[in-house]
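Novice: this one's structure only:
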């Protein structure tokens, strides 16, 4: 039976539509976290659309960075790069016109850009797949890149005032992670590395010569050959260079990144919630461990000065935060450093970590560092003990034979030896410590001492 002409024409048009849809059927590659690459295997033209840094705001704008590659005739550079609204017709039309003006041998750029933007938008919004929590294997321990400071594949902030050695600590952690666990037993620095990882150092503060000096001096102090480390002098924000950094992370199998430092890494917008959120989103997408050097917020009346400078998002989004304090005079060959754990999202806060930094063989005006050696420092026996928490400050005093020859003191005697602490703080810490079998009180003399069981714990911690 012959079909009517009208039906035959309708079927013909439908076949044409299906053929066109098949022609522009996209292939999606989202293996790179935070990035989507779309190709069209049924087109004769080798076209690739790369979408990155997706953001959907409250005004229903859905923006992303788009790079368009037309790999015909040996072309490797993109023929279009720009940030556009994936839902905005004008943005997409302008992108298509620019591509058409450059790659004139292909005539369907409007369709390519339209399909690409629609596909990318759907893929970005899809997010990570849902999982049944019953199918997830329970973790038996928290993994660290460098215990107790850096949790595996999490961002850690080390913050403090300028000139305290924050960058030096970041470089030291990079060396330790690059060397791996073989040196845990040889180095008495209180740091444990679980596996060797390739390291990247993103530097907004200094240059490669300065970091090379520190890197080499630390290795000289340890007595090892320098391990490799991928360094980049940075300009602009981390977000502006995310593509090349992500490529290097994948190419070199980077597992540990040092960011020096937070303020320039967000192009000076540390107090911007949006810039801070974007910074942490990028770090999360790289799926690496990271140490972020940050400056300290200005002191405020009635508040402890223990926050990184900038938006509260720095505090909220970092998974672990350490504050650095230091004691040392200019020209001396030793620097005492205390690292105090202010925040953690996994597990419990760690005990403070003390480090004594030795500088040797420096040549003034030529070699600033010479060789650098770090060893664990008992904060309870150092000038930094006043920076300890109230309970640990009490422990340090009661353990010191100069302060407590008999190993016990009254509340009033403790108060006299603890400048900056209030009597109520001391009493509360003693009361809590008594319940935990840390302190005991002599009811006859009203003097407090450390229990014998806890004294053994202190010996392991401080020594």
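Specialist: All right, it came through fine. Predicted, not measured: the structure shown is a model, and the values here were computed from it.
Novice: so, low pLDDT: which residues of this structure?
Specialist: When the per-residue scores of the chain are filtered using pLDDT under 70, the ranges that remain are 1-21, 33, 58-59, 298-305, 329-331, 362-369, 458-463.
Novice: any idea how it splits into domains?
Specialist: Recorded structural domains for the chain (assignment: automatic domain parsing) are 20-126, 144-381, 389-462.
Novice: can you lay out the ones you listed as JSON lines showing mean neighbour count and distance to residue 135?
Specialist: No exception for glycine: its C-beta is placed from N, CA and C like everyone else's. Putting the domains of the chain into JSON lines (neighbours: other CB atoms under 10 Å; distance: least, CB to CB, whole Å) gives the following:
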{"stretch": "domain 20-126", "mean neighbour count": "16", "distance to residue 135": "20"}
{"stretch": "domain 144-381", "mean neighbour count": "18", "distance to residue 135": "20"}
{"stretch": "domain 389-462", "mean neighbour count": "15", "distance to residue 135": "38"}
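Novice: out of the ones you listed, which is closest to residue 132?
Specialist: domain 20-126 (17.8 Å; CB to CB).
Novice: chain center to the closest one: distance?
Specialist: Per CA atoms, centre = their mean, to the nearest Å, the displacement of domain 20-126 from the mean C-alpha position of its chain is 30 Å.
Novice: want to throw the domains of the chain into TSV with distance to residue 132?
Specialist: Conversion of those to TSV gives the following (distance: least, CB to CB, whole Å):
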stretch	distance to residue 132
domain 20-126	18
domain 144-381	22
domain 389-462	39
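Novice: so what's residue 272 up against?
Specialist: With contacts defined as CB atoms under 8 Å, 6 or more residues apart in numbering, the neighbours of residue 272 are 266, 311.
Novice: all the strands of the stretch 151-300 of the chain, residue numbers only.
Specialist: Chain-ordered strands for the stretch 151-300 of the chain, with DSSP state E, counting those that start in this stretch as the definition, fall at 155-160, 198-203, 230-233, 254-260, 289-295.
Novice: of the ones you listed, which is nearest residue 316?
Specialist: Across the strands of the stretch 151-300 of the chain, residue 316 has its closest neighbour in strand 155-160 (11.3 Å, CB to CB).
Novice: just checking: what are the partner strands of that closest one?
Specialist: According to DSSP bridges, strand 155-160 has the following sheet partners: strand 289-295 (parallel), strand 320-327 (parallel).
Novice: looking at those, which is nearest to residue 453?
Specialist: For the strands paired with strand 155-160, proximity to residue 453 was assessed by CB to CB; strand 320-327 is nearest, at 28.5 Å.
Novice: got the contact list for the closest one?
Specialist: 149-151, 154-160, 164-166, 169, 296, 306, 308, 315, 335-346, 382-384, 387.
Novice: and the next helix or strand past that strand?
Specialist: Heading C-terminal from strand 320-327, the first helix or strand you meet, by DSSP states H and E, is strand 334-344.
Novice: strands along the stretch 1-150 of the chain, start to end?
Specialist: Remark: strands assigned in the stretch 1-150 of the chain by DSSP E, counting those that start in this stretch are 27-29, 35-39, 47-56, 62-70, 80-85, 144-146, 150-151.
Novice: elements contacting the shortest one?
Specialist: Strand 150-151 makes packing contacts with strand 144-146, strand 289-295 when contacts are defined by 3 or more CB pairs under 8 Å, 6 or more residues apart in numbering; DSSP states H and E.
Novice: and the angle from the longest one to strand 254-260?
Specialist: Our comparison of strand 289-295 with strand 254-260, counting by axes from the mean of the first three to the mean of the last three CA atoms, to 10 degrees, yields an angle of 0 degrees.
Novice: which residues touch residue 80?
Specialist: With contact taken as CB under 8 Å, 6+ apart, residue 80 is in contact with 66-68, 95, 98-99, 102.
Novice: and with 7 Å instead?
Specialist: Shown here is residue 80, whose contacts under the criterion CB atoms under 7 Å, 6 or more residues apart in numbering are 66, 68, 95, 98-99.
Novice: let me know the closest of those to residue 398.
Specialist: Relative to residue 398, the closest of the contacts of residue 80 is residue 66; by CB to CB it sits at 64.3 Å.
Novice: right, and that closest one touches residue 49 too?
Specialist: Yes - counting by CB atoms under 7 Å, residue 49 is a contact partner of residue 66 at 6.5 Å.
Novice: so which of the helices and strands packed on strand 150-151 comes closest to residue 206?
Specialist: Taking CB to CB, strand 289-295 is the member of the helices and strands packed on strand 150-151 nearest to residue 206, at 11.0 Å.
Novice: tilt between that closest one and strand 198-203?
Specialist: Orientation of strand 289-295 against strand 198-203 (the same axes, to 10 degrees) gives an angle of 20 degrees.
Novice: contacting residues around strand 289-295?
Specialist: Around strand 289-295, the neighbours that count as contacts under CB under 7 Å, 6+ apart are 145, 150, 152-159, 162, 166-167, 170, 173, 255-263, 283, 308-309, 314.
Novice: check which helices and strands the helix or strand following that strand is in contact with.
Specialist: Heading C-terminal from strand 289-295, the first helix or strand you meet, by DSSP H and E, is helix 312-317. With contacts defined as 3 or more CB pairs under 7 Å, 6 or more residues apart in numbering; DSSP states H and E, helix 312-317 has these neighbours: helix 273-286.
Novice: distance between the helix it packs on and the chain's centre?
Specialist: For helix 273-286, the separation from the chain centroid amounts to 10 Å (computed by CA atoms, centre = their mean).
Novice: now swap in stretch 387-399 and tell me
Specialist: From the chain centre to the centre of stretch 387-399 is a distance of 31 Å (CA atoms, centre = their mean).
Novice: quick one on the thing from earlier: save the strands paired with strand 155-160 as JSON lines, and put in distance to residue 134 too.
Specialist: Supplementary listing: those in JSON lines, determined by distance: least, CB to CB, whole Å:
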{"stretch": "strand 289-295", "distance to residue 134": "28"}
{"stretch": "strand 320-327", "distance to residue 134": "29"}
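Novice: most centrally placed residue in this protein?
Specialist: In the chain, the centroid-proximal residue (CA atoms, centre = their mean) is residue 155; its distance is 2.8 Å.
Novice: excluding sequence neighbours, find me the nearest residue to that residue.
Specialist: Taking CB to CB, 6 or more residues apart in numbering, and ignoring the residues beside it in sequence, residue 155 has residue 290 as its nearest neighbour in space, at 4.7 Å.
Novice: for the one you found, which residues make a bridge with it?
Specialist: With DSSP bridges as the criterion, residue 290 is bridged to residue 155, residue 257.
Novice: mind checking how far it is from residue 156?
Specialist: As defined by CB to CB, to the nearest Å, residue 290 lies at a distance of 7 Å from residue 156.
Novice: how about the helices in this protein?
Specialist: Taking DSSP state H to define them, one finds helices in the chain at 5-23, 89-102, 109-126, 166-179, 208-222, 242-251, 262-265, 273-286, 312-317, 390-399, 411-417, 423-435, 452-462.
Novice: touching the second one from outside, list them.
Specialist: Helix 89-102 is contacted by residues 66, 68, 79-80, 82, 84-85, 109-110, 113-114, 117 when judged by CB under 7 Å, 6+ apart.
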